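Trainee: predicted model follows, preceded by the sequence.
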Amino acid sequence: MSRVPQDQSRPSISWKKILILLIFVGGFSAFFFLGGDQHLNFSTLKANRDRLMAYTLNHYSSILFGAMAVYTASTALSLPVATILSLTIGFLFGLWVGTAIILFSATLGATLAFLVARYVFAEVVSRRMGTTAKKLMSEFHKNDFNYLLFLRLVPLFPFWLINLATAFTPIKAQTYVLATAIGIIPGAFVFTNLGQSLGRIESPDQLLSFKTLSALILLGIFALIPIFVKKFRSIKKEKEI
């Protein structure tokens with residue numbers, strides 16, 4: 001009997017992809033099922049501030065590595081706890097150590113989310129992508145470092161969404177890591193600094209002032225300047241021809 005040829009237009013099922021997807025979906029679901037969102041919030045943090053500080057002083061190394069692991073895992077799983085964890089790390093470890101922890105952990109977690117999304121979904125998304133979407137991806141790829149740096153600097157775009165969306169672009173992993181690491185430095189610095197003054201903050205609404213938000217947006221605009229200059233020169237050359 002002759003074999004029926006397989007439909008080459010459909011991606012083959014990979015058990016590795018399914019397993020990885022189940023691990024990430026399971027971890028995300030378990031967080032809410034176990035009440036993680038009820039325990040990791042602003043009021044709980046303020047109520048246990050002194051207890052957490054005392055425990056950290058007695059178990060500094062283990063809490064430090066534990067904080068790195070938790071922050072990395074929460075970022076990789078796209079859990080909505082980045083702000084509260086950043087504040088916690090800020091008041092437990094101070095400005096410089098706290099910023100270093102967030103910088104390393106957030107970059108590592110974001111890279112894991114990026115690589116997993118690319119490995120599991122990129123092939124399917126690429127096959128279903130229309131002409132307009134492909135043109136947008138091509139435009140993004142021409143200046144991917146600057147565009148991603150802008151998205152990281154401006155705190156108006158969900159961190160987890162950027163991790164997943166960029167996985168479907170042609171951006172190289174090393175470019176993604178570099179732009180992410182640089183782009184989150186200002187935000188990490190701001191939130192660890194706010195964490196040190198946790199006792200004076202009464203509401204999450206006090207976290208980002210208009211001046212701070214404006215400064216971060218301005219930094220993001222600066223990241224786009226090389227793109228504007230490149231486009232201006234390109235238009236100028238076309239007119240001269």
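Mentor: Cool, got the structure.
Trainee: find the nearest non-adjacent residue to the most centrally placed residue in the chain, please.
Mentor: In the chain, the C-alpha closest to the average C-alpha coordinate belongs to residue 159, at a distance of 3.9 Å (Cα atoms, centre = their mean). In space, and not counting its chain neighbours, residue 159 is closest to residue 82: 6.1 Å by Cβ to Cβ, 6 or more residues apart in numbering. For glycine as for every other residue, the C-beta is placed from the backbone atoms N, C-alpha and C.
Trainee: how many neighbouring residues does that neighbour have?
Mentor: The local packing of residue 82 (other Cβ atoms under 10 Å) involves 21 other residues.
Trainee: also residue 25?
Mentor: Close neighbours of residue 25, defined as other Cβ under 10 Å, add up to 11.
Trainee: pLDDT weak spots in this structure?
Mentor: Judged by pLDDT under 70, the chain has its weakly predicted residues at 1-13, 130, 198-212, 215, 230-241.
Trainee: looking only at residue counts, what's the top helix in it?
Mentor: Secondary structure of the chain read by DSSP state H shows that its longest helix is helix 82-128.
Trainee: which SSE is immediately downstream of that helix?
Mentor: On the C-terminal side of helix 82-128, the closest following helix or strand by DSSP states H and E is helix 131-142.
Trainee: just the CA coordinates for that next one, please, in PDB.
Mentor: Listed in PDB are the C-alpha atoms of helix 131-142, where the atom choice follows Å, rounded to 0.1, in the frame of the first residue of the first chain:
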ATOM      1  CA  THR A 131       1.400  40.500   4.400                       C
ATOM      2  CA  THR A 132       0.900  43.600   6.500                       C
ATOM      3  CA  ALA A 133       2.200  41.900   9.600                       C
ATOM      4  CA  LYS A 134       5.200  40.600   7.800                       C
ATOM      5  CA  LYS A 135       6.000  44.100   6.600                       C
ATOM      6  CA  LEU A 136       5.700  45.400  10.100                       C
ATOM      7  CA  MET A 137       8.100  42.600  11.300                       C
ATOM      8  CA  SER A 138      10.500  43.500   8.500                       C
ATOM      9  CA  GLU A 139      10.400  47.200   9.600                       C
ATOM     10  CA  PHE A 140      11.000  46.300  13.200                       C
ATOM     11  CA  HIS A 141      13.900  44.100  12.300                       C
ATOM     12  CA  LYS A 142      15.700  47.000  10.500                       C
END
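Trainee: check which residues of that helix are buried.
Mentor: Of all the residues in helix 131-142, those buried under the rule 16 or more other Cβ atoms under 10 Å are 137, 140.
Trainee: any idea how far residue 19 is from residue 158?
Mentor: Distance of residue 158 to residue 19, given as Cβ to Cβ, to the nearest Å: 26 Å.
Trainee: one more: residue 79?
Mentor: Distance, residue 79 to residue 19, by Cβ to Cβ: 20 Å.
Trainee: these two - which one has more neighbours?
Mentor: Between residue 79 and residue 19, counted using other Cβ under 10 Å, the more crowded position is residue 79 (20 against 10).
Trainee: all helices for the chain, in order.
Mentor: For the chain, applying DSSP H gives helices covering 15-33, 36-39, 42-47, 49-58, 60-76, 82-128, 131-142, 144-153, 159-165, 173-183, 185-196, 210-240.
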